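In: sequence below, structure please.
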Amino acid sequence: MDRRQPKPQLPDMKYISTRGGIAPISFSEAVMMGLATDGGLLLPEEIDRVGRETLARWRALPYRQLAFEVISRFVDDIPADDLIPLIDRSYDSFNHPEITPLVRVDGLHILELFHGPTLAFKDVALQFLGNLFEYLLKKNGGKMNILGATSGDTGSAAIYGVRGKDNINIFIIHPHKRVSRIQELQMTTVTDANVFNIALRGSFDDGQAIVKAIFNDIPFKDKYSLGAVNSINWARILAQVVYYLYAALRVRGAAGSGKVDFAVPTGNFGDIFAGFVARRMAPDLIGRLVLATNENDLLSRFVNDGEYAVGQVTHTSSPSMDIQVASNFERYLYFLFERDPKRTRAAMESFASSGRLEFAEKIRERVASEFSARMVSEAETAAVIRTYNERGYLLDPHTAVGVRAALDFAEKDTPMICLATAHPAKFGDAVARATGSEPALPPALASLLDRESRCDLLDADLETVKAYIAVRALGSAGNRA
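Out: Below is the predicted model:
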């Protein structure tokens with residue numbers, strides 16, 4: 001897009017809850033609300049299909065311009081003159097000119113999503129979300145206390161997205177000693193006054209459950225102006241949709257037509273749901289979505305067996321996927337139930353009480369038509385890292401899970417794009433076990449080892465966490481207003 005040309009009109013886009021309990025709201029309201037006030041997740045009323053002529057025009061666009069084209073289709077209340085510099089600023093901190101470059105390795109296309117400030121794919125969305133929060137707070141004169149739980153990478157990316165920003169405090173919960181050492185340091189060595197790290201005595205699922213319970217406590221949420229940074233926030237999903245379209249258009253650039261498949265390591269269903277949205281936008285471009293899990297196989301069991309049931313968390317070399325409750329699953333469930341909010345609400349209430357959902361054969365057939373899935377064991381993960389290292393390309397364990405699954409489903413005439421979600425040096429111990437040597441730390445990570453660290457250790461107790469937030473939140477007694 002020539003940015004000197006007249007800017008397009010804002011779309012008539014509103015957001016609704018998967019549980020149907022709120023009136024339609026604007027994009028900005030959806031961003032600030034995070035989790036819907038009825039306990040559901042927010043989605044656009046419609047996801048319009050992109051025409052072939054538009055896709056042909058998009059094919060030549062650099063990443064930032066494509067991001068504007070895609071994101072602006074879902075934004076009804078931020079003018080282009082504000083949105084364009086906001087997007088541009090979000091990717092200034094990336095160390096590669098393409099933002100998310102593609103690398104060809106042994107017949108697969110590796111989409112490198114780790115060129116942001118924390119060397120993980122979460123940066124793509126959270127740099128954008130941090131700038132978006134700052135823009136909206138400045139516009140409305142408000143304050144926000146961001147709350148999120150992380151299994152590793154979301155926390156550091158969110159912290160880097162808002163550190164030092166005015167009118168924002170951030171509280172990030174991670175499971176104590178269940179993230180990699182580098183992931184822990186990336187969070188706890190950020191000592192800006194507006195950053196609060198909480199190490200929870202428990203699992204990521206414990207932290208995620210506490211965060212969701214706090215957001216469902218509407219009086220508490222409103223009193224302390226809580227905002228969501230986890231992938232329950234629609235703006236994160238939206239920013240991730242961009243790289244699916246960018247990669248597919250790049251790979252299919254020469255041929256000009258045909259589909260591409262994607263393999264996605266996932267635990268929370270957020271990244272692959274962004275792929276689902278991208279496919280609804282461009283069904284002639286994006287084909288199979290391969291869902292890859294580690295031994296925490298909640299989602300692969302759902303696809304392959306028609307059962308969504310909580311199991312015990314297994315600690316693996318890919319800790320960001322050590323999850324047994326996928327917070328974005330409800331968004332897909334809404335579409336699976338033909339956008340029926342009553343049915344979605346009933347299913348999620350049943351799951352909350354029983355810890356399991358089972359699906360009829362007709363539903364299972366639909367799921368199988370939209371996703372393929374594979375669980376990848378620890379031994380297989382290590383073998384893939386070792387094999388690809390010998391071929392000259394080093395994978396982190398999460399990406400290795402995706403590559404292993406991709407190899408099972410790759411078809412000769414359809415390009416397969418594998419999402420590389422983190423720099424291998426973030427998981428040096430796992431890489432060393434697989435290859436015999438630790439990867440060299442990039443300067444951004446090596447410098448963490450000598451920095452001051454700050455973190456508070458709390459029990460996995462809802463009231464304990466609420467009390468901690470209450471005395472540190474912006475607007476509370478004793479804190480800067």
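
In: test my guess that residue 215 contacts residue 35.
Out: Yes - contact criterion C-beta atoms under 8 Å: residue 215 and residue 35 qualify, at 4.3 Å. Where C-beta positions appear, they are placed from N, C-alpha and C, glycine not excepted.

In: joint contacts of those two?
Out: residue 228 (C-beta atoms under 8 Å, 6 or more residues apart in numbering).

In: low-confidence ranges, the stretch 201-350 of the chain, go.
Out: Within the stretch 201-350 of the chain, the ranges that satisfy pLDDT under 70 run 253-257.

In: so where do the strands sit in it?
Out: For the stretch 201-350 of the chain, the strands defined by DSSP state E, counting those that start in this stretch occupy 226-228, 260-265, 286-293, 307-309.

In: residues of the last one that come out buried?
Out: Residues residue 308 are the ones in strand 307-309 that count as buried (16 or more other C-beta atoms under 10 Å).

In: quick one on the thing from earlier: out of the strands of the stretch 201-350 of the chain, flag the one nearest residue 24.
Out: Closest to residue 24 of these is strand 226-228 (C-beta to C-beta; 19.0 Å).

In: just the endpoints, please. Distance across stretch 148-167?
Out: Taking C-alpha to C-alpha, to the nearest Å, stretch 148-167 runs 17 Å from one end to the other.

In: and for stretch 68-86?
Out: Span of stretch 68-86 from end to end, C-alpha to C-alpha: 10 Å.

In: make JSON lines out of the strands of the stretch 201-350 of the chain and add distance to residue 199.
Out: Below are these laid out as JSON lines (distance: least, C-beta to C-beta, whole Å):
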{"stretch": "strand 226-228", "distance to residue 199": "20"}
{"stretch": "strand 260-265", "distance to residue 199": "25"}
{"stretch": "strand 286-293", "distance to residue 199": "25"}
{"stretch": "strand 307-309", "distance to residue 199": "29"}
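
In: helices of the stretch 201-350 of the chain, residue ranges please.
Out: 204-216, 218-223, 234-251, 270-281, 298-305, 329-336, 341-354 (DSSP state H, counting those that start in this stretch).

In: and of those helices, who's closest to residue 168?
Out: Closest among the helices of the stretch 201-350 of the chain, once you apply C-beta to C-beta, is helix 234-251, at 14.7 Å.

In: after the helix or strand hosting residue 83, next one along is what?
Out: Here residue 83, judged by DSSP states H and E, is contained in helix 80-90. Next in sequence after helix 80-90, counting helices and strands by DSSP H and E, comes strand 102-105.

In: name the residues of that following strand that are buried.
Out: Neighbour-count burial for strand 102-105 flags residue 102 (criterion: 16+ other C-beta under 10 Å).

In: now do it: distance to the chain's middle.
Out: How far strand 102-105 lies from its chain's middle: 22 Å, per C-alpha atoms, centre = their mean, to the nearest Å.

In: and the next helix or strand after it, which strands flank it?
Out: Later in the chain than strand 102-105, the nearest helix or strand by DSSP H and E is strand 108-112. With DSSP bridges as the test, strand 108-112 is paired with strand 102-105 (antiparallel), strand 416-420 (parallel).

In: could you dump these to CSV with distance to residue 72 and mean pLDDT?
Out: Output for those, formatted as CSV (distance: least, C-beta to C-beta, whole Å; pLDDT from 0 to 100):
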stretch, distance to residue 72, mean pLDDT
strand 102-105, 24, 96
strand 416-420, 24, 98
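
In: tell me which of these lies nearest to residue 39.
Out: strand 416-420 (29.6 Å).

In: okay, the closest one in PDB with CA atoms only?
Out: Below are the C-alpha coordinates for strand 416-420, written out as PDB (Å, rounded to 0.1, in the frame of the first residue of the first chain):
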ATOM      1  CA  MET A 416       4.800 -27.000   4.600                       C
ATOM      2  CA  ILE A 417       5.600 -24.100   6.800                       C
ATOM      3  CA  CYS A 418       6.800 -24.800  10.400                       C
ATOM      4  CA  LEU A 419       6.500 -22.100  13.000                       C
ATOM      5  CA  ALA A 420       9.900 -21.600  14.800                       C
END
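
In: by contact count, what packs against the helix holding residue 83?
Out: helix 63-72, helix 122-140 (3 or more C-beta pairs under 8 Å, 6 or more residues apart in numbering; DSSP states H and E).

In: those helices into a markdown table, with extra columns for mean neighbour count?
Out: As requested, the helices and strands packed on helix 80-90 are exported to a markdown table (neighbours: other C-beta atoms under 10 Å):
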| stretch | mean neighbour count |
| --- | --- |
| helix 63-72 | 21 |
| helix 122-140 | 23 |
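
In: quick one: closest of the ones you listed to residue 276.
Out: Counting by C-beta to C-beta, and looking across all of these, nearest comes helix 63-72 at 14.6 Å.

In: next, the angle helix 234-251 makes with the closest one.
Out: Angle, helix 63-72 to helix 234-251, by axes from the mean of the first three to the mean of the last three C-alpha atoms, to 10 degrees: 130 degrees.

In: model confidence over helix 63-72, on average?
Out: For helix 63-72, mean pLDDT is 97.

In: same for that helix, what does it pack against?
Out: Against helix 63-72 (3+ C-beta pairs under 8 Å, 6+ apart) you get helix 80-90, helix 234-251.

In: looking at those helices, which is nearest to residue 270?
Out: Comparing these by C-beta to C-beta, helix 234-251 comes nearest, at 6.4 Å.

In: circling back to that earlier point, list the buried residues for the helix holding residue 83?
Out: 80, 83-84, 86-87, 89-90.

In: what's the answer for stretch 246-262, then?
Out: Buried residues in stretch 246-262 (16+ other C-beta under 10 Å): 246-252, 259-262.

In: other residues contacting it?
Out: 55-56, 58-59, 63, 66, 100, 102, 109, 111, 244, 275, 278, 282, 284-290, 406, 409-411, 414-419.

In: so what's the residue lying closest to residue 360 once chain neighbours are set aside up against?
Out: Spatial nearest neighbour of residue 360, excluding adjacent residues (C-beta to C-beta, 6 or more residues apart in numbering): residue 306 at 8.0 Å. Residue 306 is in contact with 358-361, 363-364, 367, counting by C-beta under 8 Å, 6+ apart.
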